[in-house]
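*Asks:* need coordinates for the below:
(chains A, B, C and D)
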There are 2 protein chains.
Amino acid sequence: MMSCDSDVLFRILADPTRRLILDLLAERGPLTVGQLASEFPDLVASGISKHLMSLRAAGVVSATRRGRQQIYQLEPDALAAGLTPWIAKYEQYWSAALERLRDLAQEDRAKDGHTSRKNIRRKRVK
Amino acid sequence: MMSCDSDVLFRILADPTRRLILDLLAERGPLTVGQLASEFPDLVASGISKHLMSLRAAGVVSATRRGRQQIYQLEPDALAAGLTPWIAKYEQYWSAALERLRDLAQEDRAKDGHTSRKNIRRKRVK
DNA sequence: ATAATACATTACTGTATGGTAATGTTTTGC
DNA sequence: GCAAAACATTACCATACAGTAATGTATTAT
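*Replies:* Numbers count the residues shown, from 1 in each chain, chains lettered A, B, ... in the order given. Take a look at the predicted model:
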């Protein structure tokens, strides 16, 4: 009934198959429908196609044709733009988790070869 | 079918009424079922009660009895713990949005801060 | 003791939607 | 030109679930 701004986003993310599709696109970059469908052995291809259409309608993925195949690609800005307002309302509660998240990412970046920036410290919040 | 860790959380958040309940608890602190139900004029009270039960089952809220009324309260850690792993997978994409979010929160705090804190400088950390 | 309040619980219902199957539409390969 | 490949689209089905209504259970008030 109530139709919030991020309503569509949350409904999209409610389905595990759709989340997994987003995960695959995030991990492996742009993929065709067939490549994505092959990741779901116990699912029919047209089902994946339907999911992709709804993801596209929500704006979280985009597609470009190449010959007879469509290449789907994550649209991360739409995801962020749609979810950030909601997250912002809980910002005070998320602080700790976000800090940990940020630190983890920092470690990952450090582990990824780049130089030691380990003495960089973030602003303290609260 | 696929049952991820944050699966329950996303299903919980998919419903706008449930999200609004969480919003109310976040904004106004602990509330009784009646107080919450009164915020949904076009909804029957038992419906809200059911939503609260599922929220409780998911661990995102907790309840304490006081006399004949239950006081529901947000359990923010559960929310953060459940959603952070998922967010982490998209961390590279979220960075910008999270930075903006953090800055906004900073501004808000500065704005509603009491007058005398105007010139208080945050600790500079390299 | 009785009634009313404040929820919880159960049973029921209508609808939304994830999934399949079948068909349609381009594009490529031969 | 013909067949197959790669998706999109449509129709259909079965289940999940949000919402209501009715009933149950403590707790407070009188």
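
*Asks:* any idea how far the spatially most central residue of chain A lies from residue A:88?
*Replies:* A centroid search over chain A (CA atoms, centre = their mean) returns residue A:22, at 5.4 Å, as the residue closest to the centre. Going from residue A:22 to residue A:88 by CB to CB, to the nearest Å gives 21 Å. C-beta coordinates here come from the backbone N, C-alpha and C atoms, glycine included.

*Asks:* one more: residue A:72?
*Replies:* 29 Å.

*Asks:* out of those two, which sits in the more crowded spot?
*Replies:* Each of residue A:72 and residue A:88 has its neighbours counted (other CB atoms under 10 Å in any protein chain shown); residue A:72 has more, 23 against 17.

*Asks:* show me the beta-bridge partners of the more buried one.
*Replies:* Applying DSSP bridges to residue A:72 gives these bridge partners: residue A:31, residue A:63.

*Asks:* how much space between it and residue A:11?
*Replies:* For residue A:72, the distance to residue A:11 equals 19 Å [CB to CB].

*Asks:* please apply the same query to residue A:69.
*Replies:* Using CB to CB, residue A:69 is found at 28 Å from residue A:11.

*Asks:* of the two, who's got more company?
*Replies:* Each of residue A:69 and residue A:11 has its neighbours counted (other CB under 10 Å); residue A:11 has more, 17 against 13.

*Asks:* just checking, that one touches residue B:13?
*Replies:* No - in this structure, residue A:11 is not within contact of residue B:13 by CB atoms under 8 Å, at 9.7 Å.

*Asks:* can you list residues touching both of the two?
*Replies:* Between them, residue A:11 and residue B:13 share no contacting residue under CB atoms under 8 Å, 6 or more residues apart in numbering or on different chains.

*Asks:* pLDDT-wise, which helix or strand of chain A ranks last?
*Replies:* Lowest mean confidence among the helices and strands of chain A (mean pLDDT, DSSP states H and E): helix A:91-111, at a mean of 65.

*Asks:* which positions in chain A make contact with DNA strand D?
*Replies:* Residues of chain A found near DNA strand D (CB under 7 Å from any atom of the strand) are A:1, A:32-34, A:37, A:45-46, A:49-50, A:52-53, A:63, A:68-70.
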